[in-house]
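**Q** give the three-dimensional model of this entry:
(chains A and B, ligands or ions: 2)
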Amino acid sequence: MRVKVQNLTKRFGEVTAVDNLTAEFESGKLIALLGPSGCGKTTMLNMLSGILPVTEGQIFFDDKDVTDLTPDKREVGLVFQNYALYPHMTVLENICFPLKIKKVPKAERIEKAKEFAKMVHIEEYLNRKPKELSGGQQQRVAIARALVKNPKLLLLDEPLSNLDAKLRVEMREEIRRIQRESGVTTFFVTHDQEEASAISDYIMLMKLGEMQQFDKTRNLYNQPANLFVADFIGSPTINQLHGIYTEGGIKVDGDNQIIKTNNKWQVEEGSRVVLASRAEAITFNDKDDIKTKVVEYYLSGKDTLVNLKIGSYNLRGYIDATKAIKIGDNLNIGFKKEGVFLFDELTGERYYE
Amino acid sequence: MKNTERNKKIILYVILAIGAFIMFFPFFWMIVTSLKTGFEANKVPPTIFPAKPTLDNYVYALKTAPFLKYFKNSLIVTIFCVTITMFNTILAAFAFSKMKFPGRDIIFAALVAMMMIPFEMLIITNYSTIVKFGLYDTIIALIIPFTSSIFYTYILRNFFMSVPDSLYHSAKIDGASDWQFLWEILVPIAKPSLVTIALLNAIACWNSFLWSILVINSTENRTLPFGLFAFTNETGIRYERLMAGATIVVLPMIILFLFARKSIVTGVSRGGLKG
Ligand SMILES: Nc1ncnc2c1ncn2[C@@H]1O[C@H](COP(=O)(O)OP(=O)(O)OP(=O)(O)O)[C@@H](O)[C@H]1O
Ligand SMILES: [Mg+2]
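**A** Ligands and ions are numbered 1, 2, ... in the order given. Here you go, the predicted structure:
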C-alpha cells in the first residue's frame, strides 16, 4: 500500500514534534525513520497508526484519506518498542488475538497463527507465556501478531533496541526477510544510522520534527542534502573542515593553504563554508599537494585509518597499510571528486555543482 | 552461620505457631462449646473436649430461629452486592485510568475526598432514601446502598494505571474496542487484585450488621448477623446454644475462605507475578 502524508504536523503544547511534513512512500518498500532522540520518529509512527490524532495535515493510504480513522479501522500492524505482548496469554493466544477480535473461526485462526509463528521461527514456544521468552523471541511474537491480520502497513518502533549486538544484526536480517516475503509496506524507526542503512530501501532523516532528507538509502550517503545529513550518516563520521571560500578554494581556519578540489562549486568569495569529505575520498598519491600532519593512526587489516591535522581541524582517511607512517609525519593528501561536499557553515545548506 | 540461620527459622516458626494458635483458639472454643451440654459448658474448671458430644444445641438453634432462611438472605445479599460492586468498580476504574475525558482527574479527586465522609453520616440520608423509595424492610434495601465503592475503585484504578498504555494501544491496533480491551485484557491481567477486592467485599457484606438492623424489621428478611443478634436476645446466657448459633453463622465464611485461598493462589500465579 502506498502512503502519503501532506503537511503533517503534531504539536504538544509548545513543542512541535512533527513539523509540516510532506512525503510519499512507495508501496512494498521498507522505509527507515531515522534521527536523533526526540526528533519525532515515534510521534510520526503513532500518527500513521492512528494512536495519536494529528494537529494539522492529512494522511493517505493509497488514495484514501485516513486522517480521522481510529487505529482499529486502519489495518496496520504495530510492533512497540517494548513489544506490548499480552502477559496473561500464551504466544499462540497473543498471535490469535487480532483474529479473535475479527471473529475468525477458532480452527482457522489457530492454523493461521501457526503459519506466522513458523515464519518468524517461534513455533516451538507456542504454549509459553511472554515472560518465559527472551527479548528476541518476544519481538518475533510481536511481529507475528502484527502480521497475522494481513496489515496493509507494518510499523516498527525501534524494535531492536533491547537486543545485544549480535542478535540485533540477526534480527534485522530476519525483519528484512519477513518484509520481503510478505511484501508489506513497512516503516522502521531507529536512531542508529548503520541499522537504517543496512535494512531499508528508503530513509527519512528527521531533526527536531523537520524532515532533512527523504531518499533512497544510498543517496543519503552519496548525496546528502545538507550538513546535518552528511554528519549523521556514515561511519566514520564525515570529515569537516571549516574555513573561508577564497580564490576558488577553501582556506581552512588555522592554516595558510588554499585547498582546491576537483569539484566546481559556485560560491561567493569570502563565504564561510564547511568542506566535508568521506574518509574513503581522501587520496595519498604522489602528486597530491595538500599538506597535513599525522596525529594518530589505527591499523585495521589491509588499510590504516589515519587521523590527520589541517589547521585547527582533524581529518580521517584510509591509507595502504604497506606505507610506513608515524605520528608527527608530514603527509600530502588529495580529494577525489566523489564523496566531497561543500556546505554553507551557517545554514548547513549544500552547494551543488 | 548455619546455626544462626536455623535458630532464626525456629524462632520464626514458634512465633507463627503462637499467632496461629491465638487466631484459631476462639474458633476452636466456639465449636467445642457448641457440642457440650449446658451443664458441661458452665463447669469450672472447663473441660477442653466435651465428655459426651451432642448436637442438641444445633437442633435447638435451628428450631428457634430460621437460620436457613437467614443464610439464604445473607447469600443473596452478598452475591448481588459483590457482583454489582465488582462490575461497577471495574467500569469506573477503567474510565478513571485509561479513558481520556475532560475533568477526569478532578472528578476522581472529588470522589476520593468523599471517602473521608464517615459511614455513620451517610446512614441517616441512606435510610430516608430507602424509606422514600418504599424499600424499607426488603432485601433490596440491603443491597442498593452497597453496589459501588470508591475505595475499591481507587485500588483497582491504581492497578489499571500500572498496566502500560502500549497494551491499550496494541489492543486498539489489533482491532479491539474499549469494551473488548477491558474484558479480554485488562480484567484477566487484574485477576489477583479483583479476587482480593471481591473477597474483602464479600466479607464486609456478609458481616454487615448495623445497616440491616436499621432497615429490616420482619424475621423473614433478616440476614445472619442480625439473626444471630436476635437469637442471642431470645436465648439469654446459654453459651452452648449461642455458640451453636454462632457456628452456623461463621461456618459458610470459613468454607468460602478455604476455597478462596485456592483461587487467590492460582489468581496470583496466573497473573504472572512469578516472573
Ligand atoms: N505526549 C507528549 N506530550 C508532550 N510532548 C511529547 C509527547 N510525546 C512526545 N513529545 C515530545 O515530542 C518530541 C518528539 O518525541 P518522539 O517521542 O516522537 O521522539 P523520538 O524521535 O521517537 O525519540 P526517541 O528516539 O527518543 O524515541 C519530543 O521533544 C518529545 O518530548
Ligand atoms: Mg521513540
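**Q** surely residue A:195 is in contact with residue A:160?
**A** Yes - if you go by C-beta atoms under 8 Å, residue A:195 and residue A:160 touch, sitting 6.7 Å apart. In this view, the C-beta of every residue, glycine as well, is placed from N, C-alpha and C.
**Q** now the common contact residues for those two.
**A** With contacts defined as C-beta atoms under 8 Å, 6 or more residues apart in numbering or on different chains, the residues shared by residue A:195 and residue A:160 are A:168, A:172.
**Q** quick one: which of the two has more around it?
**A** residue A:160 (24 against 19; other C-beta atoms under 10 Å in any protein chain shown).
**Q** helix, strand, or coil at residue B:254?
**A** helix (DSSP: H, G, I helix; E, B strand; the rest coil).
**Q** which other helices and strands contact the helix or strand of chain B with the lowest mean pLDDT?
**A** Ranked by mean pLDDT, DSSP states H and E, the weakest helix or strand in chain B is helix B:239-270, scoring a mean of 74. With contacts defined as 3 or more C-beta pairs under 8 Å, 6 or more residues apart in numbering or on different chains; DSSP states H and E, helix B:239-270 has these neighbours: helix B:2-34, helix B:38-41, helix B:56-64, helix B:67-97, helix B:191-207, helix B:224-235.
**Q** ok, which of these comes nearest chain A?
**A** Closest approach to chain A among the helices and strands packed on helix B:239-270 (C-beta to the nearest C-beta): helix B:191-207, 7.7 Å.
**Q** in the closest one, what's buried?
**A** B:191-199, B:201-203, B:205-206 (16 or more other C-beta atoms under 10 Å in any protein chain shown).
**Q** now tabulate the residues you listed in JSON lines and tack on distance to chain A.
**A** Below are those laid out as JSON lines (distance: C-beta to the nearest C-beta, whole Å):
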{"residue": "B:191", "distance to chain A": "8"}
{"residue": "B:192", "distance to chain A": "11"}
{"residue": "B:193", "distance to chain A": "13"}
{"residue": "B:194", "distance to chain A": "12"}
{"residue": "B:195", "distance to chain A": "14"}
{"residue": "B:196", "distance to chain A": "17"}
{"residue": "B:197", "distance to chain A": "18"}
{"residue": "B:198", "distance to chain A": "18"}
{"residue": "B:199", "distance to chain A": "20"}
{"residue": "B:201", "distance to chain A": "23"}
{"residue": "B:202", "distance to chain A": "24"}
{"residue": "B:203", "distance to chain A": "26"}
{"residue": "B:205", "distance to chain A": "28"}
{"residue": "B:206", "distance to chain A": "30"}
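**Q** so who does residue B:207 touch?
**A** Here residue B:207 is in contact with residue B:225 (criterion: C-beta under 8 Å, 6+ apart).
**Q** how about the residues of chain B near chain A?
**A** Residues of chain B lying near chain A by C-beta under 8 Å from any C-beta of the partner chain: B:164, B:166-167, B:169-177, B:180, B:184-185, B:188-189, B:191, B:270-272, B:275.
**Q** how does it look with 10 Å?
**A** Proximity of chain B to chain A, by C-beta under 10 Å from any C-beta of the partner chain, involves residues B:163-177, B:180-181, B:184-191, B:270-275.
**Q** can I get the buried part of these as one PyMOL selection?
**A** Per 16+ other C-beta under 10 Å, the buried members of the residues of chain B next to chain A correspond to this PyMOL selection:
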select buried, chain B and resi 163+166+167+168+169+170+171+172+173+174+175+176+180+181+184+185+186+187+189+190+191+270+271
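**Q** in helices only, show me the residues of chain B next to chain A.
**A** B:165-173, B:180-181, B:187-189, B:191, B:270 (DSSP state H).
**Q** ligand 1: which of those is nearest?
**A** residue B:165 (10.2 Å; C-beta to the nearest ligand atom).
**Q** which residue packs closest to the closest one, ignoring adjacent ones?
**A** Leaving aside its sequence neighbours, residue B:165 sits nearest to residue B:98 (C-beta to C-beta, 6 or more residues apart in numbering or on different chains; 7.6 Å).
**Q** ok, that neighbour - contacts?
**A** B:157, B:160-161, B:163, B:165, B:167-168, B:178, B:181-182, B:186 (C-beta atoms under 10 Å, 6 or more residues apart in numbering or on different chains).
**Q** next, format the residues you listed as JSON lines and append pLDDT and distance to ligand 1.
**A** JSON lines is the format used below for the contacts of residue B:98 (pLDDT from 0 to 100; distance: C-beta to the nearest ligand atom, whole Å):
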{"residue": "B:157", "pLDDT": "93", "distance to ligand 1": "21"}
{"residue": "B:160", "pLDDT": "93", "distance to ligand 1": "19"}
{"residue": "B:161", "pLDDT": "92", "distance to ligand 1": "16"}
{"residue": "B:163", "pLDDT": "92", "distance to ligand 1": "18"}
{"residue": "B:165", "pLDDT": "90", "distance to ligand 1": "10"}
{"residue": "B:167", "pLDDT": "93", "distance to ligand 1": "17"}
{"residue": "B:168", "pLDDT": "93", "distance to ligand 1": "14"}
{"residue": "B:178", "pLDDT": "92", "distance to ligand 1": "20"}
{"residue": "B:181", "pLDDT": "94", "distance to ligand 1": "20"}
{"residue": "B:182", "pLDDT": "95", "distance to ligand 1": "23"}
{"residue": "B:186", "pLDDT": "94", "distance to ligand 1": "21"}
